[in-house]
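A.B. asks: Here's my sequence, what's the structure:
(2 chains)
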There are 2 protein chains.
Amino acid sequence: MLRRDMATSPVSRSPRVPVEWPHVVIVGGGFAGVSAARQLANRRVRVTIVDRHNFHTFLPLLYQVATAGLEPADVAYPIRTIFGHADNIGFRHATVADLDRARRVVVLDDKSELVYDHVIVTTGATASYFDIPGAARHALPLYSLADARRLRNRLLLALEEADVAAERSSVALNFVVVGGGPTGVETAGALSELVGIVIRRDGLHLEPSTVRVVLVDLAARLLTAFPESAARYAKRELESMGVEVEFGRSVVEVGPRSIRFADGESWAAAAVVWAAGVTAAGTLAGRLEGPRGPGGRAVVGGDLRVEGGAGVWAAGDAAAIPDGAGGYLPQLAPVAIQSGRHAARQVLAVLEGRATEPLRYRDKGIMATIGRRAAVAKLPHAGVIRGTVGWLAWLGLHLWYLVGFRNKLRVMINWTWRYFDWPSGPRLIVADAETAD
Amino acid sequence: MLRRDMATSPVSRSPRVPVEWPHVVIVGGGFAGVSAARQLANRRVRVTIVDRHNFHTFLPLLYQVATAGLEPADVAYPIRTIFGHADNIGFRHATVADLDRARRVVVLDDKSELVYDHVIVTTGATASYFDIPGAARHALPLYSLADARRLRNRLLLALEEADVAAERSSVALNFVVVGGGPTGVETAGALSELVGIVIRRDGLHLEPSTVRVVLVDLAARLLTAFPESAARYAKRELESMGVEVEFGRSVVEVGPRSIRFADGESWAAAAVVWAAGVTAAGTLAGRLEGPRGPGGRAVVGGDLRVEGGAGVWAAGDAAAIPDGAGGYLPQLAPVAIQSGRHAARQVLAVLEGRATEPLRYRDKGIMATIGRRAAVAKLPHAGVIRGTVGWLAWLGLHLWYLVGFRNKLRVMINWTWRYFDWPSGPRLIVADAETAD
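C.D. replies: Numbering: from 1, shown residues only, chains lettered A, B, ... in the order given. Next up is the predicted model:
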């Protein structure tokens, strides 16, 4: 063990390597941050990952936690555990308050400071509400494990309440999903499945036909990043599962249990799921000096360097990364993974006196699942695949990228269960705040 | 499906059987309540289980959730799912406010009422703080899933905070467990294991020797319900795992991060786990008219009937059940299971015009585990077993009683991992309240 050696360097024992080594601070433990750290593992640098959560969250599967298909532990993995084998990587459980570029320090919310030689900002993005009144307060985003748990509680509680009401009179229960991108499509599909399973298996009195799942979007089609044929397929599949899809719907207000559109129409809504877009504006990246890209992202050079001084890099959803054709790379998991890795490599290049290189993004395609056995994937060379083959590709890819063998196994077991429609599942309503008695 | 038939009885569709059938309300979905309902499944009665949680909690394993060995979904199971096959059993997600025996109604907190022919009160018990100042506010009990999650967050956060402090100076971190019964012994053992794993696997800077786990009790020995030899064995095992055991310690005050004893001594404590005893006083059973047994329990007849009128029964931890020798049966899972079942049978007897019978408790023995591969069990005919054999017996018994095959499988996987000391585990700190950004 290194424990004994540490006594010789009491000044900075974080991480457990010589204090003379350059210190790289990675702000954020998402796809980009973890990929960057992996690249730096066991190199001659000290690395500190800072995150306000002690775990990495596998965001593409959050909607499964929200719809009671998976448990939080299935999609989250402690950051310390990921890097337990790398003595040069430490973790700090804290929120970053500021970056002082003149003094080269990351300021934490407890006022303590981390002096860096290089800092890689991978603070991701949060839901964007486009200043729509009530949206930030009442709509339910899906961008953290806590979001997913909150949405799950809301969905299950709404079904319980409606069930009691259904004994006395007929009820109508609407769940509205705003946004027809992959997150909206996946959530609407899984939500529709959840409603069916809960009513059928758990013996509710609700008539299934009184529970509506509606997916709304301002655009005239789903999945704008996919070809038109894939979008039509996704719509057909969703509708065959009972999801109503409405286009051209512009949300102007969200209430505690309602949603209102530009045409004046207003619906009761037991839950409004917000999958309408993301922004980096509220994050550290959004407060960096320099130009902004779409969604409040920090514009970086091709080598992921942030303008205005040395030693600051950005990657993942926090960064607007030039795509070489005048635009920016999309905010996708593969972009986060590749850019995080690339930023770390550029840090090593600078430290070793080599020239930096621009990121050459390798398109991995995009995928969305619509329910059991239905998915669409646009692959860079194979075109569009869909149906069961698409679903299996989606399944395999997600399992492959899930951090940790144990998580893979747990998720596989859960999915096997779901696939065969066995009646169990983690449909627990665990209150956020609760008295002891 | 029964859905069509239900339209013929709109007055009371809960559960989905003829409204003329007698209505049995079971208050509480713990061991006693679920056992009672199982006994009534598919009989000619309408049954409504009322619980403020939509899930049954396997209380004997809560300490594993608190020490990050298991996930909430491993020890909780939705009540609706348990009885999905029984058309005569319904579930109501609500808190019971009162019982009006004159009108034979259970009053819910939303002021709605359930008219009953029979009601079985199985509201369990809660932590008893013996009016010790600060205990109810600052000590952490282990009597619900929310308790377990709260304790886990506190433990993991304390280790993270101490780790940061350890970089600057030496720190001392105390975790104090109050109570030397099975819950205290199991929690102290698992907590000590957790600390070891976190420091070793997750690369903290804390010196393991600076983290103390102390088990205190007022008595002069552990596990007073077990023979003296088992108690000595448990103490030896705990101490070999690094747990300090102190007897004759009378707690007089608990602070936010401290604990004070009758001899004036005061310790800093990052967490005070409260495993000192339980009471039924705060529950519905504690508000029933009639005599009280130890711990505020409602004294029942041998047939589990509550004095003072017909149709009210109590079982499990909520009831003081005569043991036939002038005392009362202990508050154990087997007592809850057998008494819940017995109460339901007596209800059926009354409904069918038969005489009721006193509960004849079949002693199943008692068990406590102390860590991986160490446990003690007192079996009714086999005497005391301990060590690996005791641990395997404990493992098998708990898996056997865990509701649902899926839960059994998940727990088995988790335990297999723990056993081989693999580095993963659900050491997630998921905040209770969290902003969206």
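A.B. asks: Enumerate the residues of the stretch 151-300 of chain A near chain B.
C.D. replies: Residues of the stretch 151-300 of chain A lying close to chain B by CB under 8 Å from any CB of the partner chain are A:156-157, A:160, A:164, A:166-167, A:198, A:201-205, A:207, A:282-283. (Glycine included, C-beta is placed from N, CA and C.)
A.B. asks: can we see that at 6 Å?
C.D. replies: Counting by CB under 6 Å from any CB of the partner chain, the residues of the stretch 151-300 of chain A close to chain B are A:Glu160, A:Glu167, A:Arg201, A:Asp202, A:Gly203, A:His205, A:Gly282.
A.B. asks: So among those residues, which ones count as buried?
C.D. replies: Buried by 16 or more other CB atoms under 10 Å in any protein chain shown: A:Glu160, A:Glu167, A:Arg201, A:Asp202, A:Gly203, A:His205, A:Gly282, out of these.
A.B. asks: Provide a list of residues in contact with the fourth one.
C.D. replies: In other words, A:Asp202. A:Asp202 makes contact with B:Arg80, B:Gly84 under the criterion CB atoms under 6 Å, 6 or more residues apart in numbering or on different chains.
A.B. asks: Over to A:Ile199?
C.D. replies: Applying CB under 6 Å, 6+ apart, we find A:Ile199 in contact with A:Leu206, A:Pro208.
A.B. asks: Following the chain past the one helix or strand it maps to, name the next helix or strand.
C.D. replies: According to DSSP states H and E, A:Ile199 maps onto helix A:182-201. Tracing the chain C-terminally past helix A:182-201 and defining elements by DSSP H and E, one meets strand A:211-217 next.
A.B. asks: Please dump the buried ones among the residues of the stretch 151-300 of chain A next to chain B into TSV; it should also carry pLDDT for every row.
C.D. replies: Formatted as TSV, those follow (pLDDT from 0 to 100):
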residue	pLDDT
A:Glu160	89
A:Glu167	75
A:Arg201	76
A:Asp202	79
A:Gly203	75
A:His205	79
A:Gly282	72
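A.B. asks: now the residue of the stretch 51-200 of chain A found nearest chain B, nearest residue through space, not along the chain?
C.D. replies: Here the residue of the stretch 51-200 of chain A nearest chain B is A:Arg80; by CB to the nearest CB that distance is 3.5 Å. The shortest distance from A:Arg80 to any residue other than its chain neighbours is 3.5 Å, reached at B:Asp202 (CB to CB, 6 or more residues apart in numbering or on different chains).
A.B. asks: again, but for A:Gly124
C.D. replies: For A:Gly124, ignoring the flanking residues on the chain, the nearest one in space by CB to CB, 6+ apart is A:Asp317 at 4.6 Å.
A.B. asks: A:Arg297 too?
C.D. replies: Computed as CB to CB, 6+ apart, the closest residue to A:Arg297 that is not its neighbour in sequence is A:Ala320, at 3.8 Å.
A.B. asks: related to what we said a few turns ago, may I have the helix holding A:Ile199 as CSV, with CA atoms only?
C.D. replies: C-alpha atoms of helix A:182-201 as CSV (Å, rounded to 0.1, in the frame of the first residue of the first chain):
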residue,chain,number,x,y,z
PRO,A,182,-34.4,10.7,-28.6
THR,A,183,-35.1,11.5,-24.9
GLY,A,184,-38.7,12.5,-25.5
VAL,A,185,-39.3,9.5,-27.8
GLU,A,186,-37.7,7.0,-25.4
THR,A,187,-39.5,8.5,-22.3
ALA,A,188,-42.9,8.5,-24.0
GLY,A,189,-42.5,4.9,-25.1
ALA,A,190,-41.3,3.6,-21.7
LEU,A,191,-44.0,5.7,-19.9
SER,A,192,-46.7,4.1,-22.0
GLU,A,193,-45.3,0.7,-21.3
LEU,A,194,-45.2,1.5,-17.5
VAL,A,195,-48.8,2.6,-17.5
GLY,A,196,-49.9,-0.6,-19.2
ILE,A,197,-47.9,-2.8,-16.8
VAL,A,198,-49.0,-0.9,-13.7
ILE,A,199,-52.7,-1.1,-14.6
ARG,A,200,-52.7,-4.6,-15.8
ARG,A,201,-50.3,-6.2,-13.3
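A.B. asks: tilt between that helix and strand A:211-217?
C.D. replies: Angle, helix A:182-201 to strand A:211-217, by axes from the mean of the first three to the mean of the last three CA atoms, to 10 degrees: 170 degrees.
A.B. asks: Can you verify A:Cys149 is assigned to a helix?
C.D. replies: Slight slip there: residue A:149 is Arg, not Cys. Yes - according to DSSP: H, G, I helix; E, B strand; the rest coil, A:Arg149 belongs to a helix.
A.B. asks: So is stretch A:42-54 next to chain B?
C.D. replies: Yes - residues of stretch A:42-54 are located near chain B by CB under 6 Å from any CB, namely A:Asn54.
A.B. asks: Let me know the average pLDDT across that stretch.
C.D. replies: Here stretch A:42-54 scores 95 as its mean pLDDT.
A.B. asks: Likewise for stretch A:184-194?
C.D. replies: Here stretch A:184-194 scores 92 as its mean pLDDT.
A.B. asks: just how off-centre is it within its chain?
C.D. replies: 16 Å (CA atoms, centre = their mean, to the nearest Å).
A.B. asks: in the sheet, who's paired with A:Ala268?
C.D. replies: Using DSSP bridges, the beta-bridge partners of A:Ala268 come out as A:Ser258.
A.B. asks: Equivalent analysis for A:Asn174, please.
C.D. replies: Per DSSP bridges, the residues bridged to A:Asn174 are A:Arg212.
A.B. asks: How about A:Tyr77?
C.D. replies: Beta-bridge pairing for A:Tyr77 (DSSP bridges): A:His56.
A.B. asks: Just to check, it is in contact with A:His56?
C.D. replies: Yes - A:Tyr77 lies in contact with A:His56 (CB atoms under 6 Å); the separation is 5.1 Å.
A.B. asks: tally of neighbours for A:Ala162?
C.D. replies: The number of residues packed near A:Ala162 is 18, by other CB atoms under 10 Å in any protein chain shown.
A.B. asks: again with A:Leu194
C.D. replies: A:Leu194: 23 surrounding residues under other CB under 10 Å.
A.B. asks: Nearest residue to it in space, please, no chain neighbours.
C.D. replies: Nearest non-adjacent residue to A:Leu194, counting by CB to CB, 6+ apart: A:Thr67, 4.5 Å away.
A.B. asks: Quick check: that neighbour vs A:Ala188, distance?
C.D. replies: 10 Å (CB to CB, to the nearest Å).
A.B. asks: The two: which is more packed in?
C.D. replies: Set A:Thr67 next to A:Ala188 and count neighbours by other CB under 10 Å: A:Ala188 wins out with 33 against 27.
A.B. asks: residues in contact with the more buried one?
C.D. replies: A:Ala188 touches A:Val177, A:Val213, A:Leu215, A:Val243, counting by CB under 6 Å, 6+ apart.
A.B. asks: Domain parsing of chain A, as residue ranges.
C.D. replies: Following automatic domain parsing, one finds the domains of chain A at A:3-125+A:280-351, A:137-276.
A.B. asks: would a markdown table of those with distance to B:Gly340 be doable?
C.D. replies: A markdown table is the format used below for the domains of chain A (distance: least, CB to CB, whole Å):
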| stretch | distance to B:Gly340 |
| --- | --- |
| domain A:3-125+A:280-351 | 28 |
| domain A:137-276 | 21 |
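A.B. asks: least reliable of those going by mean pLDDT?
C.D. replies: Note on these: domain A:3-125+A:280-351 shows the lowest mean pLDDT, a mean of 88.
A.B. asks: what separates that domain from the chain centre, distance-wise?
C.D. replies: Relative to its chain's centre, domain A:3-125+A:280-351 lies at 15 Å (CA atoms, centre = their mean).
A.B. asks: quick revisit: residue contacts, the residue nearest to A:Gly124?
C.D. replies: Shown in contact with A:Asp317 (CB under 6 Å, 6+ apart): A:Gly124, A:Ala125, A:Gln331.
A.B. asks: and if we set it to 8 Å?
C.D. replies: Contacts of A:Asp317 were listed using CB atoms under 8 Å, 6 or more residues apart in numbering or on different chains, and they are A:Gly30, A:Ala32, A:Gly124, A:Ala125, A:Val278, A:Ala280, A:Arg297, A:Gln331, A:Ala336.
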